[in-house]
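Participant: The amino acid sequence is not available; the structure is as follows:
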């Protein structure tokens, strides 16, 4: 007989008859093992503590009954809750056999060592343009708990069976010395870095500290290990900053770049420009708003709302969040992007007032937008300082004459280069630009320098280089810090970058060759079909008169008859 139905019946507590004998579950099955119990609890603030302590479901696991012994409690709670006397008594009631894991802002382990590795290696090429990353540690003191607790770490494991124990062999660690050794062992890397530094020594010193551009996210669509999604911080002075797009993870990038200074950076942030409503450009906004409010309170500074320059279509999303999650509308002063387009006359009085305040805050002569060729209501922006410098940001767009006109004679153009040359068809389909198209846009507007960003995540580390690259073009990396005085230096970094990412460049070139070969084959097939089609049609045309010539006499004969 089939064994599976027999096993199923016994597991379900049913007796079975086998070879004429009745068998009972207790004869063949081991005693039921309910398995270890673990709890996951989120208690976001003290207002929930009474409800947790009085919850009857939890109480039965705190009575000391062996079958209800809890192996692990995971506390997703802030330090203020852990300090609460009521919560501490509740923790003690689980008994000494229960482990306690705490997850909150004080869990500061590195979760993405790849990002730290790349930045450490780039730092060897140019320490000022590629500063080392730091770790953000919450300034709030850790609570003293009456029971032993374990602080959460990335990839920390707790085994529930067969033996209950902590396992740390997979916990992420950063070893800067190993990162440096790996880079120095690469062929030609040390030589290229040495040549780079020799060529840079002939360049005059930095022209000025501001404006300073910090690239926080230089990839497209989704965050990856090395490139986060769109976000660029423009520090116009030591006390004023502007954020160009705000994709998810922007706050985390600020923490990794600025470390303990991040609260002051958030307080310096006066405005955010959102280019369009694709989520990789705005989904980090809510977190920035909340962390900014927290930063003002932490530093004891008077809170001021943030200017939000964005398409009007962002407001329904913010209203939904405000009504159903947390109140955030009081944290923004909305300026519709449409109202900053040159020649716009129907600007609302409130928005007009906000624009004046925005210009005054940054000491700007002009903040202008223009519609670009991407999705509906997609905008680029141009910022002109009263001292004369001009920075233009494309957002996402195909080659666009409106952007060229707005950006005339810019000091810096930050332009998307989502796709490599040879993918023009895909660029049109996705309404993006290729590398050469982005560079040509900068040339047409007579930009002093062009920084390419928003790369497809297929170019995780470095994009393929175009023949249009010149002394006026640079490639953006996450956490890259650029000042106008760095423009002459940035193109000279390319040989060292090619040596650092040589394997990746070879792999991308091989993929490009395969794609080009595939396209050639597809084109050849199409041409072959067309040629054969023309030949068939010509043959038909030749046969057709003969057929008609035979048919005519027949008709005449019929007529005669």
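Facilitator: It's in. This is a predicted model, so every value here is computed, not measured.

Participant: low pLDDT regions in the protein?
Facilitator: Counting by pLDDT under 70, the chain contains low-confidence ranges at 1, 205-207, 534-561.

Participant: okay, now the domains of it?
Facilitator: Domain assignment for the chain, taken from automatic domain parsing, gives 1-32, 37-109+142-167, 186-500, 513-561.

Participant: would you turn these into JSON lines with distance to residue 128 and mean neighbour count?
Facilitator: Just so you know, the C-beta spots here come from the backbone N, C-alpha and C atoms, and that holds for glycine as well. Below are the domains of the chain laid out as JSON lines (distance: least, CB to CB, whole Å; neighbours: other CB atoms under 10 Å):
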{"stretch": "domain 1-32", "distance to residue 128": "66", "mean neighbour count": "11"}
{"stretch": "domain 37-109+142-167", "distance to residue 128": "26", "mean neighbour count": "15"}
{"stretch": "domain 186-500", "distance to residue 128": "7", "mean neighbour count": "19"}
{"stretch": "domain 513-561", "distance to residue 128": "37", "mean neighbour count": "10"}
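
Participant: Out of the ones you listed, which gets nearest to residue 125?
Facilitator: Among the domains of the chain, the nearest to residue 125 by CB to CB is domain 186-500 (4.6 Å).

Participant: Give me the distance between the two termini of the closest one.
Facilitator: Terminal residues of domain 186-500 are spaced 7 Å apart (CA to CA, to the nearest Å).

Participant: all strands of the stretch 151-300 of the chain, in order?
Facilitator: 157-159, 165-167, 212-217, 231-235, 241-246, 269-273 (DSSP state E, counting those that start in this stretch).

Participant: what about those strands, which gets the closest to residue 414?
Facilitator: Nearest of those to residue 414, taken as CB to CB: strand 231-235 at 6.3 Å.

Participant: re the thing from before, of the domains of the chain, which is nearest residue 176?
Facilitator: Proximity to residue 176 (CB to CB) singles out domain 186-500 among these, at 14.4 Å.

Participant: same for the helix or strand where residue 308 lies, what does it pack against?
Facilitator: Assessed by DSSP states H and E, residue 308 sits inside strand 306-310. Contacts defined by 3 or more CB pairs under 8 Å, 6 or more residues apart in numbering; DSSP states H and E place strand 306-310 against strand 269-273, helix 285-299, strand 332-336, helix 349-362.

Participant: gap between the helix or strand just after it and the chain center?
Facilitator: Next helix or strand after strand 306-310 toward the C-terminus (DSSP H and E): helix 315-324. Centre-to-centre, helix 315-324 and its host chain are 22 Å apart (CA atoms, centre = their mean, to the nearest Å).

Participant: what angle sits between helix 315-324 and strand 332-336?
Facilitator: With axes from the mean of the first three to the mean of the last three CA atoms, to 10 degrees as the basis, helix 315-324 and strand 332-336 are set at 160 degrees to each other.

Participant: What strands flank the strand holding residue 308, and is each parallel or antiparallel?
Facilitator: strand 269-273 (parallel), strand 332-336 (parallel) (DSSP bridges).

Participant: neighbouring contacts of that strand?
Facilitator: By CB atoms under 8 Å, 6 or more residues apart in numbering, the surrounding residues in contact with strand 306-310 are 269-274, 282, 285, 289, 292, 314, 331-337, 340, 354, 357-358, 361, 367, 369, 381.

Participant: if you set the cut-off to 6 Å instead, what comes out?
Facilitator: With CB atoms under 6 Å, 6 or more residues apart in numbering as the test, strand 306-310 has contacts from 271-274, 332-335, 337, 358.

Participant: Might you calculate how far that strand sits from the centre of the chain?
Facilitator: Distance of strand 306-310 from the chain centroid (CA atoms, centre = their mean) equals 20 Å.

Participant: now stretch 41-52
Facilitator: Centre-to-centre, stretch 41-52 and its host chain are 32 Å apart (CA atoms, centre = their mean).

Participant: Between the two ends of it, what distance do you get?
Facilitator: 9 Å.

Participant: Could you do stretch 493-506 as well?
Facilitator: Using CA to CA, the two ends of stretch 493-506 sit 19 Å apart.

Participant: give the contact list for residue 284.
Facilitator: Residue 284 neighbours (CB under 6 Å, 6+ apart): 246-248, 250.

Participant: Among those residues, which one sits closest to residue 521?
Facilitator: Ranked by distance to residue 521 (CB to CB), the contacts of residue 284 are led by residue 247 at 37.8 Å.

Participant: I'd guessed that closest one sits against residue 229; true?
Facilitator: Yes: between residue 247 and residue 229 there is a contact at 3.3 Å, judged by CB atoms under 6 Å.

Participant: Name the residues contacting each of those two.
Facilitator: When contacts are counted by CB under 6 Å, 6+ apart, residue 247 and residue 229 have 217, 280 as shared neighbours.
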